[in-house]
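**Q** 3D, please:
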Amino acid sequence: MRKIGILGGTFDPPHTGHLMMANEVLHALGLEEVWFMPNQEPPHKKKVGNITNQQRLTMLELAIDGHSGFRVEGIEMERKGPSYTFETMKILTERHKDVQFYFIIGADMIEYLPKWHRIDELQTIVKFVGVNRPGYNSETTYPIQLIDSPSIALSSSIIRERRRQGGTIRYLVPNPVRTYIEENGLYGP
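**A** This next block holds a predicted model:
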């Protein structure tokens, strides 16, 4: 079986924390690749701003460019309505019968697992990998393999707020992503 990690999220915008987390799990578990899977419509949070799906995909492609172990999986962008992980992973496991998927979540999501749609069925088709994050409790009754990773308190909302206030986002996002954001006036005042 091939071992593939899945990192889902809005990636609005993708940032250094996403890349660091994916890279740490890739190497800690000896995965073949990590697939970044942007949500169409996350059920647990409301989309903010007017960034298009295509812009989010472009930023994600720019962010992972040059890393042979990273790729974008656009399956959730093909579907309408809320992006439920169970339904998406069911489709992916049917398409890729030779793959064991490792679903990567931050400690903030570990606390939220009991509320996930069809979580009991989901945990039978993927292995969960939790990445510790400061300030979050990673204890759970669900089978999760915990990975220690250097962490930075960074979120997409911090980056969007910095842009709204006219602040710098240098080093918070990969340089090509920063250039794309600035050239296209994204997240600005």
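**Q** any idea how far L26 is from R71?
**A** Per Cβ to Cβ, to the nearest Å, L26 is found 12 Å from R71. (C-beta placed from N, C-alpha, C; glycine too.)
**Q** quick one: the strands in this structure?
**A** Remark: strands assigned in the chain by DSSP state E are 2-9, 33-38, 70-72, 99-106, 127-131, 144-147.
**Q** mean neighbour count, those: which tops it?
**A** strand 33-38 (a mean of 24; mean count of other Cβ atoms under 10 Å).
**Q** where does the chain have its least confident helix or strand?
**A** Taking mean pLDDT, DSSP states H and E as the measure, the helices and strands of the chain show their lowest mean at helix 107-110, namely a mean of 82.
**Q** give me the contact list for that helix.
**A** With contacts defined as Cβ atoms under 8 Å, 6 or more residues apart in numbering, helix 107-110 is touched by G130, V131, N132, R133, Y136, N137, S138, E139, T140, Y142, I144.
**Q** before we move on, the earlier item: overlap in contacts of L26 and R71?
**A** By Cβ under 8 Å, 6+ apart, the residues touching both L26 and R71 are E33, V34.
**Q** out of the strands of the chain, flag the one nearest R164.
**A** The closest of these to R164 is strand 2-9. By Cβ to Cβ, the value is 20.3 Å.
**Q** which ones are touching the nearest residue to A63 once chain neighbours are set aside?
**A** Once flanking residues are discounted, A63 sits nearest to P14: 4.2 Å by Cβ to Cβ, 6 or more residues apart in numbering. Neighbouring residues of P14 by Cβ under 8 Å, 6+ apart: F36, R56, M59, L60, A63, I64, S156, V173, P174, V177.
**Q** make it 6 Å
**A** Residues in contact with P14, defined by Cβ atoms under 6 Å, 6 or more residues apart in numbering, are M59, L60, A63.
**Q** take those residues and write them to JSON lines, including distance to T52 and pLDDT.
**A** Shown next, in JSON lines, are the contacts of P14 (distance: Cβ to Cβ, whole Å; pLDDT from 0 to 100):
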{"residue": "M59", "distance to T52": "11", "pLDDT": "97"}
{"residue": "L60", "distance to T52": "13", "pLDDT": "97"}
{"residue": "A63", "distance to T52": "16", "pLDDT": "98"}
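**Q** where does pLDDT dip in this structure?
**A** Within the chain, the segments meeting pLDDT under 70 span 41-49, 134.
**Q** correct me if wrong: M37 contacts R71.
**A** No - here M37 does not reach R71: they are 10.0 Å apart, not a contact under Cβ atoms under 6 Å.
**Q** next, the buried residues of stretch 62-75.
**A** For stretch 62-75, the neighbour count (16 or more other Cβ atoms under 10 Å) marks L62, A63, I64, F70, R71, V72, E73, I75 as buried.
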